[in-house]
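Participant: below are the sequence and a predicted model; questions follow.
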Amino acid sequence: MLTKPELIEADKPTKYPEKVSLGQDGLIVESCFGRGLLLPQVAVEWQWDEEEFLSNTCMKAGLNLDCWLEPDINIYKFQSQIFEE
C-alpha cells in the first residue's frame with residue numbers, strides 16, 4: 001500500500017538528497033518525457049545512497065541519470081507498507 005505522493009520542494013536541486021530518507025521514502029521522478037517510480041526498499045536492497053536512488057529513478061523514467069538536477073523535473077516521495085502472508 002502506498003501513501004499519496006508528496007512533491008519534494010527544494011530551493012536548489014542539489015538539496016534533494018537531503019530530503020530523502022533511505023528505506024522509508026520511495027521516489028517518483030516526473031517530466032514531460034517520462035515518469036519513473038522506485039519503492040523504498042529498492043535503495044536498501046541495492047545499497048544506494050540518496051543520489052544513486054535519485055539517479056536510478058530517473059533512469060527508470062527513461063531519462064538521463066542526472067535529470068534530477070534539472071529545474072523542470074518534479075520529484076515526489078511516498079511511503080509504502082508491505083503485507084506478507
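Facilitator: Received, thanks. Numbering: from 1, shown residues only.
Participant: look up how far residue 85 lies from the residue nearest the centre of the chain.
Facilitator: The centroid of the chain falls nearest to residue 27 when counting by Cα atoms, centre = their mean (2.5 Å). Going from residue 27 to residue 85 by Cβ to Cβ, to the nearest Å gives 27 Å. No exception for glycine: its C-beta is placed from N, CA and C like everyone else's.
Participant: re earlier: before we move on, what SS does the residue nearest to the centre of the chain have?
Facilitator: Counting by DSSP: H, G, I helix; E, B strand; the rest coil, the backbone at residue 27 sits in strand.
Participant: OK, contacts around it?
Facilitator: Applying Cβ atoms under 8 Å, 6 or more residues apart in numbering to residue 27 gives the contacts 20, 37, 38, 53, 54, 57, 75, 76, 77, 78.
Participant: once you drop chain neighbours, what's closest to the first one?
Facilitator: Nearest-residue entry for residue 20: residue 50, 4.7 Å, with adjacent residues in sequence omitted and distances by Cβ to Cβ, 6 or more residues apart in numbering.
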